[in-house]
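K.L.:
Sequence below, structure please.
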Amino acid sequence: MSTAAIPTQREPELLGQTVVVIGGSAGIGLETARRARAEGARVILTGRNRDRLDQAACEISAEGTAAFDANDATQLKSFFQDLPDLIDHVMVTAGAPHYRSPLEIPPEEARHDLTDHLLLALNVARSAAGKVGSAGSLIFMGGTGARRPKPGLAIVSTVTVAFPALIANLALELAPIRVNLIAAGFVDTSASLLGDNLDKRRDELRATLPIRRVVGPADVAALAVHIMSNTALTGATYDVDGGQQLVS
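P.N.:
Numbers count the residues shown, from 1 in each chain. Down below sits the predicted model:
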C-alpha cells in the first residue's frame, strides 16, 4: 500500500525579527541581508557610500539605512542609540584585511592594521549591548587564509589568531546575547584584492578545493542566517572555505 507524501510548510527562520547589517551595501553583507529578508526578517543596512546603500536597500526592500563609517566609534554609537526599538541580530562585514609586509609599513599604519578590525568588534559589542534583545546575536567576519605563516602575512595572521579569542570572551561578557565569528577563506565577491590575478585564482580553487567550486557570498550568508536562528551557538568560530585549509 503506497502512501502519498504529506507536504510540509517551513516557517521562515527569522520571521518578525530585525537584522542590522553593518557593511551591507554589497558583497557578503548584502547577500546576508537578502537571505535574512527571505527568512522573514526586517533589515537595516549601513555603509559608507550613500548611493550604493540606497541601491542595495531598494533591491531588498530594507526597513532602513544609515550612511556612516563604522570605524568611527562616535558615529557607530550614535547609530545604535538612535534605533527606536530593540533589534535581534547584528552582522558585521565592514573592514578588510591588509596583505602587506610588516617591515615595509610605517609604524602608524601598522598600528591601525593590527587594531582596527578588533576595535571595530569591541565598539560594535559596546554600542549594541543595550539594543540587542536577550535572544539575539552578534556575528563578525574574520578569515582563515592567514593561519599558516607566509611572507607578507604577519599582521593579518596576528589579527586572525586574536579574533576568535576576542569573540569567545565577548560571548561571556554579553551573555545571554550570543556572539560568533565566521572565518571565511577566499570568497568570490570582488576583484579588488587580486586584480588581474582573480580569474587565475578562481581556476586554481575550482581545481583544488574539495568542493570543486569557489565559495560565494551566498554560502557565507546561509551560515550567518543559521547562526542567527540557532540559539545554542555562541562564542565559536565557524569556517566557510570549501576545504581550502585542507589543501593549502
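
K.L.:
Quick one: name whatever helix or strand follows the host helix or strand of L223.
P.N.:
L223 belongs to helix 217-229 when elements are defined using DSSP states H and E. Downstream of helix 217-229, the first helix or strand assigned by DSSP H and E is strand 237-240.

K.L.:
so what does that next one touch, helix or strand wise?
P.N.:
In terms of contacts (3 or more CB pairs under 8 Å, 6 or more residues apart in numbering; DSSP states H and E), strand 237-240 is packed against helix 154-174, strand 178-184, helix 217-229. In this view, the C-beta of every residue, glycine as well, is placed from N, C-alpha and C.

K.L.:
so of the ones you listed, which one's packed in deepest?
P.N.:
strand 178-184 (a mean of 24; mean count of other CB atoms under 10 Å).

K.L.:
Could you list every helix and strand that it packs against?
P.N.:
Using 3+ CB pairs under 8 Å, 6+ apart, strand 178-184 sits against strand 132-143, helix 154-174, helix 217-229, strand 237-240.

K.L.:
what pLDDT, on average, does the first one get?
P.N.:
It stands for strand 132-143. Regarding strand 132-143, the rounded mean pLDDT is 95.

K.L.:
can I assume I177 is in contact with I139?
P.N.:
No: with contact defined as CB atoms under 8 Å, I177 does not count as touching I139 (11.3 Å).

K.L.:
So between those two, which is more surrounded?
P.N.:
I139 (25 against 22; other CB atoms under 10 Å).

K.L.:
ok, now which ones touch the residue nearest to the more buried one when sequence neighbours are not counted?
P.N.:
Spatial nearest neighbour of I139, excluding adjacent residues (CB to CB, 6 or more residues apart in numbering): M91 at 4.8 Å. With contact set as CB atoms under 8 Å, 6 or more residues apart in numbering, M91 has these partners: 19-22, 24, 29, 32-33, 139, 224, 228.
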